[in-house]
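Peer 1: Build me a structure from this.
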Amino acid sequence: MPRRPGGGTSPPQSLEAALREIVVGVGPTLKSLAYDTSGGSSILMAAAHTPDHWTPEDKASAILSILHELVDKMSNGRWKAASRAALRHPADDYRGSHLDSVAARWRELVVKEGYGEPEARDAAEKYRGYWTTAATHLADTLADRLHELNSTSGWRQYEQSEPLTPPLKLPLSFDRTDVLYRFQGRIGVQSISYRWLTAHGDVDHYETAGWYYNEPEAPVEIRPLANCQLAGPLRELPQGGRSATLAFSRKLVAGDRYFFAYTTFFRSERPCRPTILYEVRGLSMSHLTVRAQFDISAMPRRAWHFNLGVQIEDISPEDGAPELLPISPNGYVDYEFQSCQRGRKYGLRWQWDDDIERGE
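Peer 2: Numbering: from 1, shown residues only. The predicted structure follows:
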């Protein structure tokens, strides 16, 4: 089949072969898509003509988001279920090394349907057949979607600065969150979080996630600071970063208020991307203060706050704009957001001197 006019996107046959390859084993991850320079990963990455300033992780994250969207829109329930398992989507449904093969993920599906062994093994073969058909359909819709994005400015909607975070399903809201990010040179070294919450049901822990803004695979370390402790080891997130369960000192019931604090060490040698994003993961958040302590040897020239969904992250405000923030002589900057909405992202962005010289 010829290439699609104007878009340069790989033909559906190539995309179908790529899809079949990337689901083998643990399934597609941000790291495998971004850094595997051969086979299916390279075909998908080459087919996406994202903005030139995007990192490989940005592009990989966008491709995964698009695949998830297309699968979720499938009208055939069996195709959809088989494709979700193949792509390990949603991640919360397919955690654990025991699901590090696509066959195991299909068996997980039929076990949830009530099959026992060995019937589950035989029933899982049906999902292999569903995937065979679904992959052809998915390749067609993916080719159309990539052509649409490549020929317009549509890629902007997929621009992110951090890996996808598992949804938080706990009955709690945050009265206040205070987060401080610390830098050495241009490298982000640590974030410190203080949190005040209100429970809306029985809850005895919080699930936190950490990542580094220019290296999703950095071996971040999450440590309790006050009124909480780690419950079990840190867990690798499928698309980068790590999560941890922080156990409270007691079980909270509806109406209880609670304070706890923890810190995240990023353990990376790469300069931080000039963005700090914070996603509201509780039911609500009344106050959020995001702080940055820059190294005085590597001070940004400008800094501003933004609220994704209201502002576009990669647009630098004009001089005199209200979102611009003062940077103290010792490198400190902060901003307090109020009445934050669940799922929306709030944060700080800045420009180093050479960013301005490049016009970024």
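Peer 1: what about Glu279, distance to Asp295?
Peer 2: 26 Å (CB to CB, to the nearest Å). C-beta here means a position set from N, CA and C on the backbone, and glycine is covered the same way.
Peer 1: One more: Ser41?
Peer 2: Applying CB to CB to Ser41 and Asp295 gives a distance of 36 Å.
Peer 1: between these two, which one's more packed in?
Peer 2: Per other CB atoms under 10 Å, whichever of Ser41 and Asp295 has more neighbours is Ser41, with 22 against 14.
Peer 1: Check whether the closest residue to that one other than its chain neighbours sits in a helix, strand or coil.
Peer 2: Distances taken as CB to CB, 6 or more residues apart in numbering put Leu33 closest to Ser41, at 4.9 Å, once the chain neighbours are dropped. What DSSP: H, G, I helix; E, B strand; the rest coil gives for Leu33 is helix.
Peer 1: State the distance from Leu33 to Leu70.
Peer 2: Note on Leu33: its distance to Leu70, by CB to CB, is 16 Å.
Peer 1: Mind checking which of these two has more residues around it?
Peer 2: Leu33 (25 against 18).
Peer 1: Identify each buried residue in the helix or strand where Ser83 lies, please.
Peer 2: Assigned by DSSP states H and E, Ser83 falls within helix 77-87. By neighbour count on 16 or more other CB atoms under 10 Å, the buried set for helix 77-87 is 78-87.
Peer 1: ditto for stretch 54-61
Peer 2: Going by neighbour count (16+ other CB under 10 Å), the buried part of stretch 54-61 is 54, 57-61.
Peer 1: Dump that stretch to PDB, keeping only the CA atoms.
Peer 2: What follows is stretch 54-61, C-alpha atoms only, in PDB (Å, rounded to 0.1, in the frame of the first residue of the first chain):
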ATOM      1  CA  TRP A  54      10.300  17.100  21.900                       C
ATOM      2  CA  THR A  55      12.500  14.500  23.600                       C
ATOM      3  CA  PRO A  56      12.200  10.800  22.700                       C
ATOM      4  CA  GLU A  57      10.300  10.300  26.000                       C
ATOM      5  CA  ASP A  58       7.800  13.000  24.900                       C
ATOM      6  CA  LYS A  59       7.200  11.300  21.600                       C
ATOM      7  CA  ALA A  60       6.900   7.800  23.200                       C
ATOM      8  CA  SER A  61       4.400   9.100  25.800                       C
END
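Peer 1: tell me the mean pLDDT for it?
Peer 2: Stretch 54-61 comes out with an average pLDDT of 79.
Peer 1: What of stretch 13-32?
Peer 2: 89.
Peer 1: re the thing from before, if I read this right, the residue nearest to Ser41 contacts Gly39, doesn't it?
Peer 2: No - if you go by CB atoms under 8 Å, Leu33 and Gly39 don't touch, sitting 10.8 Å apart.
Peer 1: what residue ranges in the stretch 151-300 of the chain score low on pLDDT?
Peer 2: Applying pLDDT under 70 to the stretch 151-300 of the chain flags the ranges 159-168, 238-239.
Peer 1: Strands of that one, start to end?
Peer 2: 172-184, 187-199, 203-210, 221-226, 228-230, 235-236, 242-252, 257-265, 275-279, 285-293 (DSSP state E, counting those that start in this stretch).
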